[in-house]
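Engineer: Show me how the following folds:
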Amino acid sequence: MRLRVALAAALWIAACQTESDLGKDAGNIASDTEVLREASAAANEVVRNAGDCDAVAAGLDEARRSLDEAKGRVRTATGRVTLEALGKRLDAIAETCP
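Structural biologist: Sure thing, here's the model as predicted:
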């Protein structure tokens, strides 16, 4: 029963969105995908080198700068959460490499 109510609510919400809203949402998602691709590339380089503190030190500032720049460009809540998670991962790696 709850599933039916949830499904009906989701369908109702989707039906109430205009084509313009859907296009805007799609544009925001596409934009965030590109922004996150760039930011995560720098962060992932640090993550891959987590066992090598010299490599971490070399890439950490650039990765953080890339994430900070991306924060101003993401348009969705999902994008913001993803950037926050990447930032926390970088912080954890930075703690292990003094």
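Engineer: contacts and neighbour counts: CA atoms only from here.
Structural biologist: Noted.
Engineer: which element is E62 on?
Structural biologist: Using DSSP states H and E, E62 maps to helix 53-71.
Engineer: Could the C-alpha coordinates of that helix be exported in CSV?
Structural biologist: The C-alpha trace of helix 53-71 is given here as CSV (Å, rounded to 0.1, in the frame of the first residue of the first chain):
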residue,chain,number,x,y,z
CYS,A,53,52.9,11.0,1.1
ASP,A,54,55.2,12.8,-1.3
ALA,A,55,52.7,12.4,-4.1
VAL,A,56,49.9,13.4,-1.8
ALA,A,57,51.7,16.6,-0.8
ALA,A,58,52.3,17.4,-4.4
GLY,A,59,48.7,17.1,-5.5
LEU,A,60,46.7,17.9,-2.4
ASP,A,61,46.6,21.7,-2.8
GLU,A,62,45.6,21.5,-6.5
ALA,A,63,42.8,18.9,-5.6
ARG,A,64,41.5,21.2,-2.9
ARG,A,65,41.6,24.2,-5.1
SER,A,66,39.7,22.2,-7.8
LEU,A,67,37.0,21.2,-5.3
ASP,A,68,36.6,24.8,-4.0
GLU,A,69,36.2,26.1,-7.5
ALA,A,70,33.7,23.4,-8.3
LYS,A,71,31.6,24.3,-5.3
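Engineer: Excluding residues flanking it in the chain, which one is nearest V46?
Structural biologist: Closest residue in space to V46, ignoring its immediate chain neighbours: V56 at 5.4 Å, by C-alpha to C-alpha, 6 or more residues apart in numbering.
Engineer: And the pLDDT at that neighbour?
Structural biologist: At V56, the model reports a pLDDT of 94.
Engineer: got the contact list for it?
Structural biologist: V46, V47, N49, A50, I93, A94, C97 (C-alpha atoms under 8 Å, 6 or more residues apart in numbering).
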